[in-house]
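Build me a model from this:
(chains A and B)
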Amino acid sequence: GAGVSQSPSNKVTEKGKDVELRCDPISGHTALYWYRQSLGQGLEFLIYFQGNSAPDKSGLPSDRFSAERTGGSVSTLTIQRTQQEDSAVYLCASSLTYNEQFFGPGTRLTVL
Amino acid sequence: DAKTTQPPSMDCAEGRAANLPCNHSTISGNEYVYWYRQIHSQGPQYIIHGLKNNETNEMASLIITEDRKSSTLILPHATLRDTAVYYCIVRITTDSWGKLQFGAGTQVVVTP
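Numbers count the residues shown, from 1 in each chain, chains lettered A, B, ... in the order given. Take a look at the predicted model:
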């Protein structure tokens, strides 16, 4: 079946612009996660959604970052007033059980 | 969650078993050991997890010491496609839906 999809696959933007990154989770998965991976760095948790519970936003690095999940499915990660340090691969994952998270291919964001 | 320690890199000959160690000496009784891997330019992929018993699936085996302070992931017959960064993660079960905290992992290179 279809896996987690993310769009766009690549995004180049200018410093100060806003960007939106989209994640389509596996159908029926109740949990959705956002991570990012900077060049040469490990994966860093950003935020996760589980069902109708309030999202865990504890990993968001600043108030320029926000995310929403509409209808319990698609999620959008928004970065306002992008900075060069926001350049990274942004990864989305979804899960049906607490054991296995299924990751998408990621969106590579480059801020010039 | 308990921290983990892994060697930064290791090589393995194709067709041989790859034994990846992970130290988690501060693990508590309700924490599971998870393994994920990340092939270059892809999102992480779940491999296996366990609490205290040894586990085996189609991808790998997980051996956890009796005191649970360390574990070994075994890839029984390494192939070139197993070249990846392997992450050992310890995760508390009361935070079942929560984030994965990735460390630096072990870069495994399988050579012909």
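
contacts and neighbour counts: CA atoms only from here.
Will do.

and the gap between the residue nearest the centre of chain B and A:Ile79?
Among the residues of chain B, B:Trp35 comes closest to the average C-alpha position under C-alpha atoms, centre = their mean, at 3.4 Å. Per C-alpha to C-alpha, to the nearest Å, B:Trp35 is found 30 Å from A:Ile79.

likewise B:Leu75?
Following C-alpha to C-alpha, the distance that separates B:Leu75 from A:Ile79 is 39 Å.

cool, A:Cys92 as well?
A:Cys92 sits 15 Å away from A:Ile79, going by C-alpha to C-alpha.

Please identify the helix or strand for the closest residue to B:Thr83 other than its chain neighbours.
Distances taken as C-alpha to C-alpha, 6 or more residues apart in numbering or on different chains place B:Val109 nearest to B:Thr83, at 4.8 Å, with adjacent residues excluded. Here B:Val109 sits within strand B:106-111, counting by DSSP states H and E.

Can you tell me what sits against that strand?
Outside strand B:106-111, the residues within contact range by C-alpha atoms under 8 Å, 6 or more residues apart in numbering or on different chains are B:6-14, B:20, B:78-87.

So which of those are in strands?
Cross-referencing the contacts of strand B:106-111 against strands under DSSP state E gives B:9-13, B:20, B:84-87.

Max pairwise distance over the residues you listed: which two?
When those are compared pair by pair using C-alpha to C-alpha, the two farthest from each other are B:Ala13 and B:Tyr87, 19.9 Å apart.

More neighbours: which of the two?
B:Tyr87 (28 against 15; other C-alpha atoms under 10 Å in any protein chain shown).

Just the CA atoms of the worst-scoring helix or strand of chain B on mean pLDDT, as PDB, please.
The helix or strand with the lowest mean pLDDT-type score in chain B, counting by mean pLDDT, DSSP states H and E, is strand B:84-92 (a mean of 91). Taking only C-alpha atoms (Å, rounded to 0.1, in the frame of the first residue of the first chain), the coordinates of strand B:84-92 have been written out as PDB:
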ATOM      1  CA  ALA B  84      23.000   2.500   6.600                       C
ATOM      2  CA  VAL B  85      23.100   4.300   9.900                       C
ATOM      3  CA  TYR B  86      21.700   2.100  12.600                       C
ATOM      4  CA  TYR B  87      20.100   3.800  15.600                       C
ATOM      5  CA  CYS B  88      19.500   2.100  19.000                       C
ATOM      6  CA  ILE B  89      16.800   3.900  21.000                       C
ATOM      7  CA  VAL B  90      15.500   3.300  24.500                       C
ATOM      8  CA  ARG B  91      11.900   4.300  24.900                       C
ATOM      9  CA  ILE B  92       9.700   4.500  27.900                       C
END
